[in-house]
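**Student:** Can you look at this prediction? I've put the sequence above it.
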Amino acid sequence: MPPKATDEAQPQYKVTYREIQPFGTLKTLPLGLPDKARTQSVTILNQVLADTMTLRDLYKKHHWQISGVTFYSLHLLLDKHYEEQAVLVDSIAERIMSLGGISIAMAPDVTEMTKIPRPPKGREDVPSQLARLLEAHEIILRAARAGAEAADEAGDDGTNDLLISEVVRTNEPQVWFIAEHLAETELLRADK
């Protein structure tokens, strides 16, 4: 029988769970921003975060379920956009935390907060998938621009910069790439 570990080496995994900062509260941090501005930015950013997490997951759903003659190119494009949205999720959540707030993090909270309509569990055709992505992007872009303006008026340059330099500048080219796949051009043309 092997020797038993000392108490110091034994992990204490049976703990009483405790919350150390309730959702919707702010830690006091020496940021030079009024609490009102930080509260406003955290609220705006959590909405953008919920919608960005939804869009990220919508990209992965469509990446897995895409079909048709453009399967390979769209499969790769959707995965690339998923990765870019995942980077945004992290940036937005970290900005919330750096303002002293609490970022949403769990799927039930995202489902409760998102403004992006839920797709069916089943597989849709390519035009439906791409149209859903475009609708989600528009929801995020509208919220990001309005949030950036509000942050600017409140003197929160960091949140304004994040929303414009990262959220808007990531979503706009993604809209372009997705929208171009919905242009009614022929895949093949028979010249006579």
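**Tutor:** Perfect, I can see it now. Remember, it's a predicted structure, so these values are computed and weren't measured experimentally. Residues are numbered from 1 along each chain as shown.
**Student:** hey, where'd the strands end up in this structure?
**Tutor:** Counting by DSSP state E, the chain has no strands to list.
**Student:** Can you check which helix is longest in it?
**Tutor:** helix 35-65 (DSSP state H).
**Student:** which other helices and strands contact that helix?
**Tutor:** If you count contacts as 3 or more Cβ pairs under 8 Å, 6 or more residues apart in numbering; DSSP states H and E, helix 35-65 packs onto helix 71-98, helix 107-113, helix 126-154, helix 157-161. From N, CA and C alone the C-beta is placed, and that goes for glycine too.
**Student:** In TSV: those helices, plus distance to His181.
**Tutor:** Formatted as TSV, the helices and strands packed on helix 35-65 follow (distance: least, Cβ to Cβ, whole Å):
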stretch	distance to His181
helix 71-98	7
helix 107-113	26
helix 126-154	6
helix 157-161	31
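**Student:** among these, which is nearest Trp176?
**Tutor:** helix 126-154 (10.0 Å; Cβ to Cβ).
**Student:** Return the set of buried residues in that closest one.
**Tutor:** For helix 126-154, the neighbour count (16 or more other Cβ atoms under 10 Å) marks 126, 129-130, 132-133, 136-137, 139-141, 143-144, 147-148, 150-151, 154 as buried.
**Student:** who's in contact with the residue nearest the centre of the chain?
**Tutor:** In the chain, the centroid-proximal residue (Cα atoms, centre = their mean) is Thr52; its distance is 2.2 Å. By Cβ atoms under 8 Å, 6 or more residues apart in numbering, the contact set of Thr52 is 85, 88-89, 92, 140, 167.
**Student:** Distance-wise, check it relative to Glu83.
**Tutor:** 13 Å (Cβ to Cβ, to the nearest Å).
**Student:** what's the most distant pair in the contacts of Thr52?
**Tutor:** Largest separation among the contacts of Thr52 by Cβ to Cβ: Val89 and Ile140, giving 11.5 Å.
**Student:** circling back: let me have the helices and strands packed on helix 35-65 in a markdown table, extended by distance to Pro3 and mean pLDDT.
**Tutor:** As requested, these are exported to a markdown table (distance: least, Cβ to Cβ, whole Å; pLDDT from 0 to 100):
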| stretch | distance to Pro3 | mean pLDDT |
| --- | --- | --- |
| helix 71-98 | 43 | 97 |
| helix 107-113 | 44 | 97 |
| helix 126-154 | 57 | 98 |
| helix 157-161 | 54 | 98 |
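**Student:** How about the contacts made by Ala151?
**Tutor:** Ala151 makes contacts with 37, 40-41, 44, 157, 159-160, 163, as judged by Cβ under 8 Å, 6+ apart.
**Student:** Recalculate using a threshold of 10 Å.
**Tutor:** With contact set as Cβ atoms under 10 Å, 6 or more residues apart in numbering, Ala151 has these partners: 33, 37, 40-41, 44-45, 157-164.
**Student:** How about Met106?
**Tutor:** 53, 112.
**Student:** Phi and psi next, for it.
**Tutor:** With angles defined as degrees, to the nearest 10, Met106 sits at phi -110, psi 150.
**Student:** Look at it and report its pLDDT.
**Tutor:** pLDDT, Met106: 97.
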